[in-house]
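Chemist: need the 3D shape of this:
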Amino acid sequence: MTDFDAVDALLAAVAPEAELPAPGERIRLRESARLTKAQVARALGVSPTTLAGWEAGREPSGETRTRYAYLLDGLRARLDTPAAPAPAPPAPDRDPAPAGGPAPVRAPAADDGDLVRAPAADDGERLAEPRPCVLCGHPAHHEVAGFAQHLDPSDCEAASAPRAVPAPAPAPPAGPRSTAPAAPAARPSGPAPRRTPAASAATAPAPRAGKAAGRTPSKRAFQEPAPTPLGTLQDSVRAALERHGGDTEAATADLVRTAIPDAMALLDQCRTGARYEIVAHPPLPGILRKKTSRGADEIWEARPKWTRPALPPGPQEITALDINGAYLSALKTHLPLGALEHHTGGAHDRRRAGVHLITPPEWHHEHELPNPLGSRDEPGPLWVTEPTLRLLLRLSSPAYGLCEPPVIHESFTSGSTENLLEKFRTTLREARAEALEAGDDVTLEYVKAMYSKFVATMGESNYNRELYRPDWMHIIRSQAFANLWTKAYKAYESGLTVVRAMGTDELHVIGDWRRVFPEGRGVTEVKVKDVYTAQDDEG
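Modeler: You can find the predicted model right below:
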């Protein structure tokens, strides 16, 4: 960058920002143009979640704001241009044509399917050669509105001998509520009149009342199926490999670099038609805000860092197990849907989720099982997440009886669901499973980067400004820690000696672990990380 480029950048930063209409007007302009959020977001280079935030009242900035304002101004100019006045409809109290008058004919050029009356006989254009009448199918010598037609209904009756076809009932008066269908004509007993393509078009039934004009049918024959989230992910991998000429290392690096925006786009695709809208930037309590730019907030995630104080006597063969897809599995957890609300009192509502200030119970099993609160030395109350609180409540129940119930002092919670990210998680899990079966390391690394970076950057991060939910980040991480603790307890209950539990995916045990855990690389399986021999110093 030259010195002048730097000056230009400074000037651009202090220039007045482009004006944007109110949020409701932004939605109106997009929907009036029949544009989807995905279409607009793609044109602006953002995700549909970001666009949804702008339409909800958030304000973009910089060059993106300028592009968005330009788009909205262009839509307004095209949509709000006065259209040519439409011809006045017939008066609603106008009498229908007499029975012997000209028969109504369907005007195929009219978009709304209204019936128009054939002009008088002297208004018809004489045909050089007779063509089939649009009403009876027999030769007619005049053309009305571009279609051959008998000008006198009696001609249609004579042409249809020996049994005359009664003329169709006159159209009802045009008015705001004139939607009743015309009475059907009597079906002739003789051979049906020959129908031409023009006649079929002219006499096609009008659209059903209540159908929105221009609405795309839900299903059409021979259409390309809509892309699935899994297909979109796999297409991204194929495109990256094509861009780099089959170089797997370059393609992997490219995909990992775009893993965050790609994960957000995949989440949007998985959320299409979902019941709940994801709020990107809800107000947060102070306990969820960092005290300094490089500091932490007040939430304790219960990360385990535990090693058994003493080993059984003699040399012991220890197997270090690696838990596959720990954060991927942790996406299935109780997440608060909206802004967190403050509550006091000791009751826990299982229909809600959030963070809780508790006094934890004493833990008396440190010699054989890790503390479910993780490695914490400071006594007293602390803020924990929903998975940690639910784990403590479960362990204090009669079924376990491992500790006393925690004391809940206050909570910040919202109505919750365990399935908010379920389709997102399932898509990534399926992509991972297919990649494992095919030996596709590019997709494996891409999927891992997507879910791990998604979790890591949904808090206060400069790398993902579309989704700002530090409460979700803490909850998902804590769920991964709680899942590891549950596996440690399962090993303990099955007779294995638990030696170490670290982070989200490392569990060291002594004993025949294969009878407890399935071996493999699947999400529900474990793989061997290391095998080593150790013994207690006193042994």
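Chemist: for the rest of this, base every contact and every neighbour count on C-alpha atoms.
Modeler: Noted.
Chemist: could I get the full set of helices for the stretch 301-450 of the chain?
Modeler: 326-330, 386-395, 422-438, 441-457 (DSSP state H, counting those that start in this stretch).
Chemist: I'd like those as CSV, with mean pLDDT appended.
Modeler: Shown next, in CSV, are the helices of the stretch 301-450 of the chain (pLDDT from 0 to 100):
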stretch, mean pLDDT
helix 326-330, 96
helix 386-395, 97
helix 422-438, 95
helix 441-457, 96
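Chemist: nearest to residue 232, of those helices?
Modeler: helix 422-438 (10.2 Å; Cα to Cα).
Chemist: which residues of the chain score low on pLDDT?
Modeler: Filtered on pLDDT under 70, the chain yields the residue ranges 1-15, 81-124, 134-136, 144-147, 152-154, 156-225, 275-277, 279-281, 537-539.
Chemist: the domain parsing of it - what is it?
Modeler: 3-79, 100-166, 286-534 (automatic domain parsing).
Chemist: looking at these, which is closest to residue 255?
Modeler: When these are compared (using Cα to Cα), the closest one is domain 286-534, at 5.9 Å.
Chemist: off-centre distance for that closest one?
Modeler: Between the centre of domain 286-534 and the centre of its host chain there is 26 Å, according to Cα atoms, centre = their mean, to the nearest Å.
Chemist: what's the first-to-last distance across it?
Modeler: End-to-end distance of domain 286-534 (Cα to Cα, to the nearest Å): 46 Å.
Chemist: what of stretch 499-506?
Modeler: Distance between the two ends of stretch 499-506: 11 Å, counting by Cα to Cα.
Chemist: residues making contact with that stretch?
Modeler: 303-308, 311, 318, 320-324, 326-327, 368, 370, 480-481, 483-485, 488, 507-510 (Cα atoms under 8 Å, 6 or more residues apart in numbering).
Chemist: of the residues you listed, which belong to strands?
Modeler: Those of the contacts of stretch 499-506 mapping onto strands are 305-307, 318, 320-323, 507-510, per DSSP state E.
Chemist: looking at these, which is nearest residue 267?
Modeler: Closest to residue 267, out of all of the ones in strands among the contacts of stretch 499-506 and judged by Cα to Cα, is residue 323, at 24.4 Å.
Chemist: now the most centrally placed residue in the chain: how far from residue 477?
Modeler: The residue lying closest to the centre of the chain (Cα atoms, centre = their mean) is residue 271, at 2.0 Å. Here the criterion is Cα to Cα. By it, residue 271 lies 22 Å from residue 477.
Chemist: ok, residue 254 touching residue 240?
Modeler: Yes: using Cα atoms under 8 Å, residue 254 is in contact with residue 240, at 7.1 Å.
Chemist: if you count surrounding residues, which of the two has more?
Modeler: residue 240 (21 against 17; other Cα atoms under 10 Å).
Chemist: in three-state terms, label that one for me.
Modeler: Under DSSP: H, G, I helix; E, B strand; the rest coil, residue 240 falls in the helix class.
Chemist: related to what we said a few turns ago, so what's the residue nearest to the centre of the chain up against?
Modeler: 423-424.
Chemist: dump the residue contacts of residue 453.
Modeler: Residues counted as contacts of residue 453 (Cα under 8 Å, 6+ apart) are 259-260.
Chemist: what do you get for residue 364?
Modeler: Residue 364 neighbours (Cα under 8 Å, 6+ apart): residue 403.
Chemist: any idea how far it lies from residue 521?
Modeler: Counting by Cα to Cα, the gap from residue 364 to residue 521 is 34 Å.
Chemist: what does residue 300 give?
Modeler: 30 Å.
Chemist: so between these two, which is more surrounded?
Modeler: Neighbours around residue 300 and residue 521, counted as other Cα under 10 Å, are more numerous at residue 300. The numbers are 21 against 17.
Chemist: residues contacting that one?
Modeler: 382-385.
Chemist: what are the boundaries of the strands in the stretch 201-350 of the chain?
Modeler: Taking DSSP state E, counting those that start in this stretch as the criterion, the stretch 201-350 of the chain contains strands spanning 299-300, 305-307, 316-323, 335-336, 341-344.
Chemist: tell me which of those strands approaches residue 352 most closely.
Modeler: Among those, strand 335-336 sits nearest to residue 352 (Cα to Cα), with 6.7 Å.
Chemist: partner strands of the closest one, with direction?
Modeler: Counting by DSSP bridges, the strands paired with strand 335-336 are strand 407-417 (antiparallel).
Chemist: for the partner strand, give me every contacting residue.
Modeler: 285, 333-348, 351-361.
Chemist: please apply the same query to stretch 29-37.
Modeler: 48, 51-52, 72, 75-76, 79.
Chemist: swap the cut-off to 7 Å and go again
Modeler: Contacting residues not belonging to stretch 29-37 are listed as 48, 51, 72, 75-76 [Cα atoms under 7 Å, 6 or more residues apart in numbering].
Chemist: most widely separated two among those residues?
Modeler: 48 and 76 (20.8 Å).
Chemist: who has more neighbours, these two?
Modeler: Between residue 48 and residue 76, counted using other Cα under 10 Å, the more crowded position is residue 48 (23 against 18).
Chemist: ok, now which ones touch the more buried one?
Modeler: Residue 48 makes contact with 37-38, 41, 268 under the criterion Cα under 7 Å, 6+ apart.
Chemist: which helix in this structure has the most residues?
Modeler: helix 470-493 (DSSP state H).
Chemist: what's that one packed up against?
Modeler: Secondary-structure packing of helix 470-493 (3 or more Cα pairs under 7 Å, 6 or more residues apart in numbering; DSSP states H and E): helix 326-330, strand 382-385, helix 386-395, strand 497-502.
Chemist: now those in TSV, with distance to residue 65?
Modeler: Below are the helices and strands packed on helix 470-493 laid out as TSV (distance: least, Cα to Cα, whole Å):
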stretch	distance to residue 65
helix 326-330	34
strand 382-385	36
helix 386-395	38
strand 497-502	45
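Chemist: redo the ones you listed as TSV? Include mean neighbour count.
Modeler: Formatted as TSV, the helices and strands packed on helix 470-493 follow (neighbours: other Cα atoms under 10 Å):
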stretch	mean neighbour count
helix 326-330	22
strand 382-385	22
helix 386-395	21
strand 497-502	23
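Chemist: residue 350 and residue 471, how far apart?
Modeler: Taking Cα to Cα, one finds residue 350 at 17 Å from residue 471.
Chemist: for the one helix or strand residue 531 maps to, buried residues please.
Modeler: Using DSSP states H and E, residue 531 maps to strand 526-534. Within strand 526-534, the residues scored as buried using 16 or more other Cα atoms under 10 Å are 526-528.
Chemist: give me the helices and strands touching that strand, please.
Modeler: strand 316-323.
Chemist: before we move on, the earlier item: for the contacts of residue 48, work out which two are farthest apart.
Modeler: Farthest pair in the contacts of residue 48, by Cα to Cα: 41 and 268, 11.2 Å.
Chemist: among the domains of the chain, which is nearest residue 263?
Modeler: domain 286-534 (5.4 Å).
Chemist: make TSV from the contacts of residue 48 and add secondary structure and neighbour count to it.
Modeler: Below are the contacts of residue 48 laid out as TSV (DSSP: H, G, I helix; E, B strand; the rest coil; neighbours: other Cα atoms under 10 Å):
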residue	secondary structure	neighbour count
37	helix	19
38	helix	18
41	helix	17
268	helix	19
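Chemist: kindly reformat the residues you listed as a markdown table containing distance to residue 423.
Modeler: Below are the contacts of residue 48 laid out as a markdown table (distance: Cα to Cα, whole Å):
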| residue | distance to residue 423 |
| --- | --- |
| 37 | 20 |
| 38 | 18 |
| 41 | 22 |
| 268 | 11 |
